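Q: Fold the following.
(2 chains)
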2 protein chains.
Amino acid sequence: MKQAFVNDRFLTEELALIHFRDLSIMRGYGIFDFFRLVGNTPLFLDDHLNRFYESAEQMRLPIREVKQELKDIISKLVNSNNLPDSGVRLTLTGGYSEDGYSISEPNLIISQHTFKPPDKEQRSTGIKLMTFPHQRQLPQVKTIDYLMPIWLQPLIRQGDADDVLYYDKEIVTECPRNNFFIVTEDNQVLTPAMNMLKGITRMKLLHYAAPYFEVKETNISIEDIRNAKEAFVTSTTKGILPVSQVDDKQFTSGSVTVKLQEIWSKHAW
Amino acid sequence: MKQAFVNDRFLTEELALIHFRDLSIMRGYGIFDFFRLVGNTPLFLDDHLNRFYESAEQMRLPIREVKQELKDIISKLVNSNNLPDSGVRLTLTGGYSEDGYSISEPNLIISQHTFKPPDKEQRSTGIKLMTFPHQRQLPQVKTIDYLMPIWLQPLIRQGDADDVLYYDKEIVTECPRNNFFIVTEDNQVLTPAMNMLKGITRMKLLHYAAPYFEVKETNISIEDIRNAKEAFVTSTTKGILPVSQVDDKQFTSGSVTVKLQEIWSKHAW
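A: Prediction:
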């Protein structure tokens, strides 16, 4: 039976229940993080935990456990579940609020989820994006707020796209669950610098790619995308995935993206 | 024992539990509505139910029950609980999502909550607002998204204010849980026309006030507030509450607001 950890105990996952007075259900108030397992070994665990504690602090949600205690719980959970092709989600909510508005003692849920990484074809074909004018609230925090992208699903399907790329005042920021990169004609690798979530894959790639390419965090306009040679997205579940199209701009070349996928696979895939 | 209704049954409220895979906990995806009871009789029930069904449709969350079935459930619940000074909350979430992202069969929670209406002093003294630049996402839908105002609480306290008043490009829209009105020097009663939630109290007041004052839904700028004679907010729990201050603009007069409170009390308070 698959286990989950809720607050102070391990439970059969079906029993991982939360009362409706929790501020996540009442007010959409909570954070999370998600990391991949290679076998039963978490990938980039320290980076994900650091971000989780930072998100929690930003949202004024105290975490009872110190980092090592969370690591021990995670280790126990994944070794007990022994689940291939999966990752671990840490969810922290606003807790049971008396007045339905004030933050209370947070509820912590640690759960394990299978997911299908992109197959070889997807990693070569890539995805289509459509730009959409939106600025996420508290973009630097990994909140549970995905109201807009879930609401947008029919529009995305109508546009024959796989996902949206948010922009505000002509500057693009991120996809709802991915960071966005372009490759310029002179092989610069660029990614937005602000007003978006700083993904762990993004951060690691900036580091690993630096010896091979000029990498830069900077403003990217929709016009910059039109002039770009390649584009790709990064995320924990997808790794590096080429972007074949943004609105009506098509990308045909992909040699830098392929090289970055090779570099990435040495470290993480 | 206080009861709640979850999906298809009445339960002791303590047992009204939701599994963590619900899209409200995972992705902040859900809607709600809240109406007051006078004795055990719901106030403006049809209006609240109409808005609830509209919010649900906008968010692609099907409601199994037709309106009369919900009315019967509500009636049974409030007569069983028999709780003075309370209201009823209808919450509808994205349901148990297999992939943690796609909408599933919604969970419906109907719960009863006590609340303290403003006392005589508060209804005379009023509240202080501070303006804050923010535009709510999907403002026309009564979603559970209160990430921003809960996050803003320390800033509101630092500013010695009671709440924020959102604005975007110099045009004010709403407080997180109230609609906003001003009274001009020539006794026009104005309230924002768009990009905010259309409260039931706001709608009813526009109707009830029309025989006595010139009422208008229109753009209100921060400059308009500086030139206004009075200001007030409306909500289900607060009725009509004067605003004593917006940023550094103080309101001293209040005769139109008092008259509107009198009109309102005949219908609802």
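Q: Does A:R36 touch A:T236 like I think?
A: Yes: under the criterion of C-beta atoms under 8 Å, A:R36 makes contact with A:T236 at 5.5 Å. (Each C-beta comes from the backbone N, C-alpha and C, glycine too.)
Q: what's the overlap in contacts for the two?
A: Shared contacts of A:R36 and A:T236 (C-beta atoms under 8 Å, 6 or more residues apart in numbering or on different chains): A:L43, A:G87.
Q: What ranges does chain A have for its helices?
A: A:23-27, A:45-58, A:67-81, A:120-125, A:147-151, A:153-158, A:200-209, A:222-226, A:255-267 (DSSP state H).
Q: looking at the ones you listed, which is buried most?
A: Neighbour counts (mean count of other C-beta atoms under 10 Å in any protein chain shown) averaged over each of those peak at helix A:23-27, with a mean of 27.
Q: Is that helix in proximity to chain B?
A: Yes: counting by C-beta under 8 Å from any C-beta of the partner chain, chain B has neighbours in helix A:23-27: A:L23, A:S24, A:I25, A:M26, A:R27.
Q: related to what we said a few turns ago, of the helices of chain A, which is nearest B:I200?
A: Between B:I200 and these, the tightest spacing by C-beta to C-beta is seen for helix A:23-27, at 19.3 Å.
Q: Kindly format the C-alpha coordinates of that closest one as CSV.
A: Extracted in CSV, the C-alpha atoms of helix A:23-27 (Å, rounded to 0.1, in the frame of the first residue of the first chain):
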residue,chain,number,x,y,z
LEU,A,23,-6.8,27.5,4.2
SER,A,24,-5.8,25.7,1.0
ILE,A,25,-9.4,24.6,0.4
MET,A,26,-11.0,27.8,1.9
ARG,A,27,-8.6,30.4,0.3
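Q: Can you name every helix or strand that that helix contacts?
A: In this structure, helix A:23-27 packs against strand A:86-93, helix B:23-27, strand B:86-93, helix B:147-151, with contacts taken as 3 or more C-beta pairs under 8 Å, 6 or more residues apart in numbering or on different chains; DSSP states H and E.
Q: Just put those in a markdown table and tack on mean pLDDT and distance to A:E121.
A: Converted to a markdown table, these look like this (pLDDT from 0 to 100; distance: least, C-beta to C-beta, whole Å):
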| stretch | mean pLDDT | distance to A:E121 |
| --- | --- | --- |
| strand A:86-93 | 98 | 22 |
| helix B:23-27 | 98 | 28 |
| strand B:86-93 | 98 | 35 |
| helix B:147-151 | 98 | 38 |
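Q: how close does the residue nearest to A:L165 when sequence neighbours are not counted get to A:V172?
A: Distances taken as C-beta to C-beta, 6 or more residues apart in numbering or on different chains put A:L129 closest to A:L165, at 4.4 Å, once the chain neighbours are dropped. Taking C-beta to C-beta, to the nearest Å as the measure, A:L129 falls 9 Å from A:V172.
Q: got any residues that touch both of the two?
A: With C-beta under 8 Å, 6+ apart as the test, A:L129 and A:V172 both reach A:L165, A:F180.
Q: on that earlier part again, nearest to B:F44, of the helices of chain A?
A: Using C-beta to C-beta, the helices of chain A put helix A:23-27 closest to B:F44, at 21.7 Å.
Q: how about low-confidence regions in chain A?
A: Counting by pLDDT under 70, chain A shows low-confidence ranges at A:269.
Q: how about the residues of the stretch 51-200 of chain A near chain B?
A: Residues of the stretch 51-200 of chain A lying near chain B (C-beta under 8 Å from any C-beta): A:59-60, A:89, A:91, A:93-94, A:100-103, A:109, A:111, A:113, A:134, A:137-138, A:143-148, A:150-151, A:153-154.
Q: ok now do the residue nearest to A:L165, which residues does it touch?
A: A:L129 sits next to A:161-165, A:175, A:180, A:231, A:233, A:243, A:245-247 when contact means C-beta under 8 Å, 6+ apart.
Q: count of neighbours near the residue in the stretch 51-200 of chain A that chain B sits nearest to?
A: In the stretch 51-200 of chain A, no residue comes nearer to chain B than A:Y146, which is 4.0 Å away by C-beta to the nearest C-beta. Using other C-beta atoms under 10 Å in any protein chain shown, the number of residues around A:Y146 comes to 21.
Q: same question, A:E98
A: A:E98 has 8 neighbouring residues, counting by other C-beta under 10 Å.
Q: Excluding residues flanking it in the chain, which one is nearest it?
A: Nearest non-adjacent residue to A:E98 (C-beta to C-beta, 6+ apart): A:S104, at 7.1 Å.
Q: Now that that neighbour has come up, it's in contact with A:M26, right?
A: No: if you go by C-beta under 8 Å, A:S104 and A:M26 don't touch, sitting 10.7 Å apart.
Q: can you list residues touching both of the two?
A: A:S97.
Q: what's next to stretch A:153-164, contact-wise?
A: Contacts for stretch A:153-164 (C-beta under 8 Å, 6+ apart): A:127-132, A:134, A:149, A:152, A:175-178, A:233, A:245, B:60, B:102-103.
Q: make it 6 Å
A: Contact partners of stretch A:153-164, identified using C-beta atoms under 6 Å, 6 or more residues apart in numbering or on different chains, comprise A:I127, A:K128, A:L129, A:M130, A:F132, A:L152, A:C175.
Q: What about those, which one has the most neighbours?
A: Going by other C-beta under 10 Å, A:L129 tops the contacts of stretch A:153-164 with 26 neighbours.
Q: what's across from that one in the sheet?
A: For A:L129, the beta-bridge partners are A:D163, A:V246 (DSSP bridges).
Q: surely A:V215 meets A:L205?
A: No: using C-beta atoms under 6 Å, A:V215 is not in contact with A:L205, being 8.1 Å away.
Q: tell me the phi and psi of the most centrally placed residue in chain A?
A: Centroid-nearest residue in chain A, with C-alpha atoms, centre = their mean: A:R177, separated by 4.7 Å. Here is the backbone geometry of A:R177 (degrees, to the nearest 10): phi -130, psi 10.
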